[in-house]
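Engineer: heads up, no residue letters with this:
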C-alpha cells in the first residue's frame with residue numbers, strides 16, 4: 001500500500017471513529033434529555049398524587065402519631081413518654097385500632113375539651129340537651145300509637161327501640177353529652193394531666209347545659225306534641241311512672257349500668273374508623289339501654305320534667321331526688337367501670353412494654369460485649 005493510500009485510509013478511519021463518537025454522544029445527550037424531561041414532567045405528578053392520597057384518605061392515627069411532650073403530665077419521665085408514643089402508634093388502617101391508640105386518642109380529645117371556652121362548652125351541652133329530647137319525643141309518640149292496640153308494657157318496650165335516634169344525632173354531631181363525656185373527661189385527670197377541680201367545673205357546665213336544654217325541649221316540644229295530639233297527658237304520666245316506679249337503690253343501680261354502657265359507647269365510637277360503624281355501635285348500645293329501661297340522666301330529666309310540667313303524678317321534690325340519684329349513678333358507672341379500669345389496663349400494658357424494651361436493650365449490650373476481643 002502506498003503512503004498516500006495509507007494516509008487516505010487512516011484519515012477515513014479517524015473520520016469514521018469521530019463520527020461514531022459523535023453519534024454516541026448525541027445518543028447519550030438524548031437519553032439524558034429524556035430523563036430530565038421525565039423527571040420534570042412526571043415527578044411532580046407523582047408527588048402531587050402522594051399529597052392527594054394523604055389528604056383524600058382520612059388519617060385516623062393522626063392524633064396518636066403527633067403526640068408532643070406537652071400532651072403528657074409534667075411528672076412523667078422521658079422513658080414513659082417514649083413508651084406511650086410507641087404503643088399508641090397505630091398506622092395499620094386495615095386492622096382494628098390498638099387498645100393504647102384508642103385510650104391515647106380519648107385522652108387527647110378530652111384535653112382539647114378542657115381547653116375550650118366556657119361559652120363554647122355550655123352551648124355545645126345545651127345543644128345536646130335539645131337534641132337528645134328527640135328520642136323521648138319519638139318514643140312518646142310511638143307509645144301513644146301502640147298503646148291503643150297493645151298492652152301498655154309491650155307498647156313501651158317497642159317504642160323504646162326508637163331510643164337511639166337522639167343519641168346518634170348527639171354523638172355523631174359531637175355535641176357534649178354528660179354520660180358520653182363522663183369517662184372521657186376523667187382520663188386526663190387520672191393521668192395527672194389536668195387537675196380535679198377543672199374536671200368538676202367542666203362536669204358542672206356540661207350537666208347544666210344538658211339539663212337546661214332538655215327542660216326547654218320538654219316545655220316547648222312536648223307541649224307542641226300535646227297540641228298536635230300525638231300523645232296525651234295520660235301517656236306522659238304512664239311513661240313517667242314506668243321510669244319512677246322503683247325504689248331509689250334500684251334506680252341507682254340501673255343508672256350505674258346505663259353509665260357503664262354509655263362509657264363503653266364512647267370507647268367503641270373512638271375505636272371505629274368510619275361514621276357508619278359509629279352509627280351502628282351507638283344504635284346497638286343505646287338501643288339496649290332503652291329496651292332494658294335503664295335510667296339515663298339526661299333523657300330521664302326530659303321524661304320526668306315533662307310529667308312535672310304537663311302531668312299529674314310527679315312533684316318537684318320527686319323530680320329533683322330522681323335527677324340527683326341518676327346523675328350520681330351514671331357518673332359512677334362511667335368513671336369507675338370504664339375510665340378507671342381501662343386506664344389501669346393501659347398502665348399495665350405500658351409496664352409490660354417497658355420491661356420488654358429493657359430486656360431487649362440488655363440482650364443487645366450483652367451481644368456487643370461478647371463480640372469484643
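Structural biologist: That came through, no problem. Computed from a predicted model, the values in this text were never measured in an experiment. Numbers count the residues shown, from 1 in each chain.
Engineer: next SSE downstream of the helix or strand containing residue 286?
Structural biologist: With secondary structure defined by DSSP states H and E, residue 286 is part of helix 275-292. Counting by DSSP H and E, the element after helix 275-292 in chain order, helix or strand, is helix 297-310.
Engineer: looking only at pLDDT, what's the mean for the helix holding residue 286?
Structural biologist: In this model, helix 275-292 has an average pLDDT of 93.
Engineer: for stretch 327-347, which positions count as buried?
Structural biologist: Neighbour-count burial for stretch 327-347, counted by 16 or more other Cβ atoms under 10 Å, picks out 327, 329-339, 342-343, 346. In short, each C-beta sits where N, CA and C put it, glycine included.
Engineer: so which two of those residues are the farthest from each other?
Structural biologist: Greatest spacing in the buried residues of stretch 327-347, by Cβ to Cβ: 327 and 346 (26.9 Å).
Engineer: can you pull out the strands in this protein?
Structural biologist: Under the criterion DSSP state E, the chain carries no strands.
Engineer: any low-confidence regions in it?
Structural biologist: 1-96, 98-99, 346-365, 369, 371-373 (pLDDT under 70).
Engineer: how about 50 then?
Structural biologist: Applying pLDDT under 50 to the chain flags residues 1-17, 20, 30-31, 33-62, 64, 83.
Engineer: now stretch 136-154: buried residues?
Structural biologist: Applying a neighbour-count criterion of 16+ other Cβ under 10 Å, one finds 136, 137, 138, 139, 140, 141, 142, 143, 144, 145, 146, 147 buried in stretch 136-154.
Engineer: oh, I was asking about stretch 200-212
Structural biologist: For stretch 200-212, a neighbour-count test (16+ other Cβ under 10 Å) marks 202, 203, 205, 206, 207, 208, 209, 210, 211, 212 as buried.
Engineer: what of stretch 116-134?
Structural biologist: Buried residues in stretch 116-134, defined by neighbour count with 16+ other Cβ under 10 Å: 121-134.
Engineer: list just the nearest of those residues to residue 247.
Structural biologist: residue 132 (26.0 Å).
Engineer: distance of that closest one from residue 332?
Structural biologist: 21 Å (Cβ to Cβ, to the nearest Å).
Engineer: and the end-to-end length of stretch 113-121?
Structural biologist: 8 Å (Cα to Cα, to the nearest Å).
Engineer: looks like residue 175 contacts residue 131 (just checking).
Structural biologist: Yes - at 6.1 Å, residue 175 counts as touching residue 131 under the criterion of Cβ atoms under 8 Å.
Engineer: got the contact list for residue 171?
Structural biologist: By Cβ atoms under 8 Å, 6 or more residues apart in numbering, residue 171 lies in contact with 177, 180, 265, 269, 278, 282.
Engineer: residues contacting the residue nearest to the third one when sequence neighbours are not counted?
Structural biologist: What sits nearest to residue 265 in space, not counting adjacent residues and going by Cβ to Cβ, 6 or more residues apart in numbering, is residue 285, at 4.4 Å. Neighbour list for residue 285: 261, 262, 264, 265, 268 [criterion: Cβ under 8 Å, 6+ apart].
Engineer: and residue 288, how many neighbours does it have?
Structural biologist: Counted with other Cβ atoms under 10 Å, residues neighbouring residue 288 total 16.
Engineer: for the one 5 residues further on, same thing?
Structural biologist: Neighbourhood size, residue 293 [other Cβ under 10 Å]: 16.
Engineer: isn't it up against residue 242?
Structural biologist: Yes - under the criterion of Cβ under 8 Å, residue 293 makes contact with residue 242 at 7.0 Å.
Engineer: overlap in contacts, the two.
Structural biologist: Shared contacts of residue 293 and residue 242 (Cβ under 8 Å, 6+ apart): residue 156.
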